[in-house]
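> I need the structure of the sequence given here:
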Amino acid sequence: MTKQLLMGNEAFAHAALEAGVRVVAGYPGTPSSEVIETIAKLHADGSAQGVHVEWSTNEKSALELLAGAAYCGARTLFTCKQVGLNVASDALMSLNYVGVKGGTVLFVADDPGPISSQTEQDTRRFGNFSKVPVLDPATPDQGFAMMQAAFELSEQYKTPVIMRPTTRVCHASTFFDVAESTQAKPVPEEGFQRDSRWVIFPKRAFEGHGEINERLRKIAVTYAADERFARFNPMDERRIAGESTRFGIAAGGVSAAYALEALRILEQRADERGIHMPGYRFWQVGTPFPFPERTCEKFAAGLSDVIVFEELDHVIEDELLAYAGKTHAAYNVHGKLTGEARDRGENDVDDIVERLAKFLGVPELAQVESPVTYESAEPEFPLPVRPPVLCPGCPHRGSFYAVKRALGKTPAVYCGDIGCYTLGNAMPLDAVDTCLCMGAGVTMAQGFSVADPGKKALAFIGDSTFFASGMTGVANAVYNGHDFTLCVLDNATTAMTGSQPHPGTGVTLMGPKRKPISIERVLEALGMECIVHANPLDLQQSIDAAKKAIDFEGPSAILFESPCVQLFKPEAPVVLDAQRCTGCKKCITEIGCPGIGFDADARGPKSGQRGQAFIDPGQCNGCGLCTQVCPFDCIEDAKREEADNA
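Predicted coordinates:
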């Protein structure tokens, strides 16, 4: 064993390997991506032996692959973020009815905030809906233990198991003792055994539903009585001599850690100020589904009021209310439903301190007696807003700009998709009107073309998203003859989630490089007749290509091909000639590259009192798009300037 400082996700990867996981698959999505990346790294350096790891085309593909491996008896691990489970849900619902042979853990990372997602979906609800057991860690340490226990639970009850950490647990770091090398648990000698149970006919589904209901009842007891899992539902009590404990605090996930810290702060303040603080009973619900009622019975005994802290939905709160109704308990439940806890986003210690002080009847403890003061608490001038923006030199900027130039005054609707190119909605590009979910832009554009044929419908999609969920939309367009233009923004990577490979790159996590799948050949095979190519950093070429595709009647496609700026060494920054700059700002108002700034105090022979643009050499990577946008040729790339001066 070696001690290492690890991010939560890195630790969870080690835990799965130490549990003997043999097949690992998923689709990248923050905050879950590092689990698979860590396993791939450990496999590559030889310390994780016998494991197969891959980025699958999408979440559904990943879970179905793992189902086949689990039927053979292999321990398997699925990873995604919360919205990715929606994509895999069709497979998950049936998989739970059929059951598994090898331990199958679904690592589904939720994103309260949301920090980098389109929804604040709570996977604990999905566990309840799909009738799949859920484990909800409060800390990376607890998550490490939960990952290993989840495989045991899965094999004991022949069910998939969800482990649901949230962003702060996934990305927090601490020290772990981890194995120097691991060996995947072998597949049982008999492997896959043919049996009618594996075929999900209606009769089998009816039987499976009964099996699910029965095992959930048993798992709820296991959560409470089996120490392997009861340790994830710790309870603590602060007793006051001569007083009965009336207040209860229940929490789940990282909110449990916040609540414990908030209680520590309140107790310290009470001691320092000589204020009486009432007793309380604290319970972390680490196994929210099926709800451990036997543990709840111990927690609720004698309480008059219970407050709940959790992210995101009122899951524990609902269970406590249901238990109170079922047992005619006398306690009142406080939380999201009563407006006494945040109803969205992340919780934090400061907020919980205030809410707990009020709940416990000591509101004065929420106040800080000696706040830190500063000479100037407020800035002299309002701080500028920094909205999200495409990177300097991002090829997507040229793609959006070229399409809008090609359209001219033609009315159009721009359907976006999930990726960093969603930022094309920002000014001055203003080229994304809709963004729903992965792949939806392709099919939504077809809906616009039918309902509002007076506008040209365009769909922007990235290369990774195209393979993940765009191809069926293209098939639908060709089959039904929809008039729209598909703009594939091919930057040779899955940029938004950390530059992971995809089928179009040919790179795999297992080492061998496969032949990249050609997007053009896929489009041809699907029946797309008009397909044009362009380098989005070549403005005129891109405009000409966009015009050809847009003018085509029926489904057409533009393949904008240029690598992400994170994949190559930047060129020398472009050079702006202050003697020729007129201060027109077109380089800024047309493309909005962060590498271009404006100095209102600058003066020049052509700009007069208007000020001048300038190039930030620390951000410019020499893409050259601005040199083609400037109407006065006062921006040049460094190579051209050197040639002119030679």
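> Could I get the phi/psi values of the nearest residue to Asn491 once chain neighbours are set aside?
In space, and not counting its chain neighbours, Asn491 is closest to Cys564: 4.1 Å by CB to CB, 6 or more residues apart in numbering. For every residue, glycine as well, the C-beta is placed using N, CA and C. Backbone torsions for Cys564, taken as degrees, to the nearest 10, come to phi -60, psi 140.
> I'd say Cys564 and Thr493 touch.
Yes: here Cys564 reaches Thr493: they are 5.1 Å apart, a contact under CB atoms under 8 Å.
> Now list whatever residues contact both of the two.
Counting by CB atoms under 8 Å, 6 or more residues apart in numbering, the residues touching both Cys564 and Thr493 are Ser499.
> I figured Leu526 hits Gly473, correct?
No: the criterion here is CB under 8 Å, and Leu526 misses it with Gly473 at 9.9 Å.
> So for these two, which sits in the more crowded spot?
Gly473 (24 against 18; other CB atoms under 10 Å).
> Find the helix or strand that the more buried one is a member of.
Assessed by DSSP states H and E, Gly473 sits inside helix 471-480.
> Buried residues, that helix. List them.
Buried residues in helix 471-480, defined by neighbour count with 16 or more other CB atoms under 10 Å: 471, 473-474, 477-478.
> Which parts of the stretch 451-600 of the chain are helices?
Counting by DSSP state H, counting those that start in this stretch, the stretch 451-600 of the chain has helices at residues 463-465, 471-480, 519-525, 539-551, 586-591.
> which helices and strands sit right next to the shortest one?
Read that as helix 463-465. Applying 3 or more CB pairs under 8 Å, 6 or more residues apart in numbering; DSSP states H and E, one finds that helix 463-465 contacts strand 485-490.
> who touches the strand it packs on?
By CB under 8 Å, 6+ apart, strand 485-490 touches 395-396, 399, 403, 419, 421, 442, 445, 456-463, 466, 474, 477, 504, 519, 523, 528, 536, 546, 549-550, 552, 555-562.
> buried residues in the longest helix anywhere in the chain?
Criterion DSSP state H: the longest helix present in the chain is helix 202-225. Using 16+ other CB under 10 Å as the test for burial, helix 202-225 gives 204, 208, 211-212, 215-216, 219-220, 222-224.
> Off-centre distance for that helix?
30 Å (CA atoms, centre = their mean, to the nearest Å).
> out of everything not next to it in sequence, what's closest to the residue nearest to the spatial centre of the chain?
Among the residues of the chain, Thr30 comes closest to the average C-alpha position under CA atoms, centre = their mean, at 3.3 Å. Excluding the flanking residues, the one nearest Thr30 by CB to CB, 6+ apart is Ser116, at 4.6 Å.
> Roughly how far does Gly253 sit from Arg124?
Gly253 sits 9 Å away from Arg124, going by CB to CB, to the nearest Å.
> So the two - more neighbours on which side?
Per other CB under 10 Å, whichever of Gly253 and Arg124 has more neighbours is Gly253, with 33 against 26.
> count of neighbours near the closest residue to the more buried one other than its chain neighbours?
Nearest non-adjacent residue to Gly253, counting by CB to CB, 6+ apart: Asp136, 4.8 Å away. Counted with other CB under 10 Å, residues neighbouring Asp136 total 33.
> Report the secondary structure state of the residue nearest to Thr30.
Classification of Ser116 using DSSP: H, G, I helix; E, B strand; the rest coil returns coil.
> so who does it touch?
Ser116 neighbours (CB under 8 Å, 6+ apart): 30-31, 496.
> Check Ala19 too.
Ala19 touches 75, 103, 147-148, 151, 185, counting by CB under 8 Å, 6+ apart.
> Then Glu120?
110-114, 312, 344-345.
> Could you rerun that using 6 Å?
By CB atoms under 6 Å, 6 or more residues apart in numbering, Glu120 lies in contact with 114, 312.
> Okay, it and Leu337: tell me how far apart.
17 Å.
> ok, back up a step: make TSV from the helices of the stretch 451-600 of the chain and add mean pLDDT and distance to Arg294 to it.
Below are those laid out as TSV (pLDDT from 0 to 100; distance: least, CB to CB, whole Å):
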stretch	mean pLDDT	distance to Arg294
helix 463-465	91	46
helix 471-480	93	47
helix 519-525	96	54
helix 539-551	96	64
helix 586-591	93	63
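> and stretch 185-193, how far out from the chain's middle?
The answer for stretch 185-193 is 34 Å, by CA atoms, centre = their mean.
> ends of that stretch, how far apart?
With CA to CA, to the nearest Å as the measure, stretch 185-193 spans 18 Å from end to end.
> cool, stretch 457-467 as well?
21 Å.
> tell me which residues of stretch 487-498 are tucked away?
487-497.
> and of these, the nearest to His328?
Thr497 (49.1 Å; CB to CB).
> list the contacts for that closest one?
28-30, 33.
> same deal with Tyr27?
Contacts of Tyr27 by CB under 6 Å, 6+ apart are 56, 58-59, 62, 80, 84.
> what's the burial count for the spatially closest residue to it that is not a sequence neighbour?
Take Tyr27 and drop its neighbours on the chain: the residue closest to it by CB to CB, 6+ apart is Glu59, 4.7 Å away. With neighbours defined by other CB under 10 Å, the count for Glu59 comes to 30.
> How about Asp343?
Neighbours of Asp343 using other CB under 10 Å come to 11.
> what residues are up against it?
Going by CB under 6 Å, 6+ apart, the list of residues near Asp343 reads Lys336.
> ok, Gly335 touching Phe309?
No: assessed by CB atoms under 6 Å, Gly335 is found out of contact with Phe309, at 7.4 Å.
> ok, these two, which is more surrounded?
Phe309 (27 against 23).
> Is that one bridged to anything, and to what?
Beta bridges link Phe309 to Ala251, judged by DSSP bridges.
> quick one: it and Pro278, what's the gap?
In terms of CB to CB, Phe309 sits 18 Å off from Pro278.
> low pLDDT regions in this protein?
Applying pLDDT under 70 to the chain flags the ranges 369-378, 639-646.
> if you set the cut-off to 50 instead, what comes out?
For the chain, no stretch has pLDDT under 50.
> Wasn't Val53 part of a helix?
No: Val53 is assigned strand when assessed by three-state DSSP, not a helix.
> surely it meets Glu37?
No: here Val53 lies out of contact with Glu37, judged by CB under 6 Å, at a distance of 9.2 Å.
> out of these two, which sits in the busier spot?
Val53 (28 against 19).
> ranges for the helices of the stretch 51-200 of the chain?
59-71, 82-98, 123-130, 140-157, 167-171.
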